[in-house]
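> No sequence on hand, only this structure:
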């Protein structure tokens, strides 16, 4: 089942209150996605920890195989 | 639950190698585009690094790195015992100069790509490996 981009956006924004996320399917394959996220929670974190936060928000969709790859772009 | 012996071995490798890359394939023969991109960045930095090919034990190693670093995809670059990131993060940090800082080296000068050397068409590209042969047709 292809990923529901709107659901992923909401999962990220719910997990990180105050954030805004845009989830795009750049390759058109439905499972290799790009998330552009701006979040107050990123302040002071290393890049890897910023990415961990976003991944944790959508982990259930990795676990059930809906997404295989998520490129994360942190928006300042 | 990750294999405890393997977990210990991985912890040792991470602490013994100031710069350590877990990748698919080897630096001279990467088996995945993300691993290749990470190797290309590291090679430009002029640092010595250890490289571990994860493919022979992909799933067990995935369990180990999930346990010790909360990260399950490869490549993974460790510097001074800390996971820095995969290809995307390494490239971003290279571009911003943070990677050089974290490696304790000078940011390499990026030579401007001479336009004349760019391939003009697909025919000028170096030869690729032959297309996969499809059996049984």
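Sure, I can see it. Computed from a predicted structure; not experimentally measured. Numbers count the residues shown, from 1 in each chain, chains lettered A, B, ... in the order given.
> who in chain B is up against chain A?
For chain B, the residues in contact with chain A (Cβ under 8 Å from any Cβ of the partner chain) are B:70-71, B:73, B:83-85, B:88-89, B:92-93. In this view, the C-beta of every residue, glycine as well, is placed from N, C-alpha and C.
> show me where pLDDT drops low in chain B?
Scanning chain B with the threshold set as pLDDT under 70 gives B:110-137.
> where exactly do the strands run in it?
B:19-23, B:25-26, B:29-30, B:50-53, B:76-79, B:82-85 (DSSP state E).
> With chain A instead?
Under DSSP E, chain A gives strands at A:20-24, A:32-38, A:69-74.
> Select, out of the strands of chain B, the one closest to residue B:104.
strand B:76-79 (9.0 Å; Cβ to Cβ).
> So which elements touch the closest one?
If you count contacts as 3 or more Cβ pairs under 8 Å, 6 or more residues apart in numbering or on different chains; DSSP states H and E, strand B:76-79 packs onto strand B:19-23, strand B:82-85.
> now for the shortest one, which elements pack on it?
Same thing as strand B:82-85. helix A:47-57, strand B:76-79, helix B:87-96.
> Deepest-packed of these, please.
Each of the helices and strands packed on strand B:82-85 was assessed for mean neighbour count using mean count of other Cβ atoms under 10 Å in any protein chain shown. The highest is strand B:76-79, with a mean of 24.
> tell me which parts of chain A are close to chain B?
Contact residues, chain A versus chain B (Cβ under 8 Å from any Cβ): A:47-48, A:51-52, A:69, A:71-72.
> need the strands of chain A in TSV with mean neighbour count, can you?
Converted to TSV, these look like this (neighbours: other Cβ atoms under 10 Å in any protein chain shown):
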stretch	mean neighbour count
strand A:20-24	17
strand A:32-38	18
strand A:69-74	17
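> and those strands as JSON lines, adding mean pLDDT?
Supplementary listing: the strands of chain A in JSON lines, determined by pLDDT from 0 to 100:
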{"stretch": "strand A:20-24", "mean pLDDT": "97"}
{"stretch": "strand A:32-38", "mean pLDDT": "94"}
{"stretch": "strand A:69-74", "mean pLDDT": "90"}
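> Could I get those strands in JSON lines, plus columns for distance to residue B:54?
Below are these laid out as JSON lines (distance: least, Cβ to Cβ, whole Å):
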{"stretch": "strand A:20-24", "distance to residue B:54": "28"}
{"stretch": "strand A:32-38", "distance to residue B:54": "20"}
{"stretch": "strand A:69-74", "distance to residue B:54": "16"}
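> can you list the weak-confidence ranges in chain A?
Where chain A drops to pLDDT under 70, the residues are A:1.
> Repeat the analysis, applying 90 as the threshold.
Along chain A, segments meeting pLDDT under 90 span A:1-3, A:26-32, A:62-63, A:65-70, A:76.
> Distance check, the closest residue to residue B:85 other than its chain neighbours against residue B:5.
Residue nearest to residue B:85 in three dimensions, not counting chain neighbours: residue A:48, with 4.8 Å by Cβ to Cβ, 6 or more residues apart in numbering or on different chains. According to Cβ to Cβ, to the nearest Å, residue A:48 and residue B:5 sit 26 Å apart.
> Let's have the helices and strands packed on strand B:82-85 in a markdown table, adding distance to residue B:57.
Shown next, in a markdown table, are the helices and strands packed on strand B:82-85 (distance: least, Cβ to Cβ, whole Å):
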| stretch | distance to residue B:57 |
| --- | --- |
| helix A:47-57 | 23 |
| strand B:76-79 | 14 |
| helix B:87-96 | 21 |
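> That's all I had, so thanks and see you.
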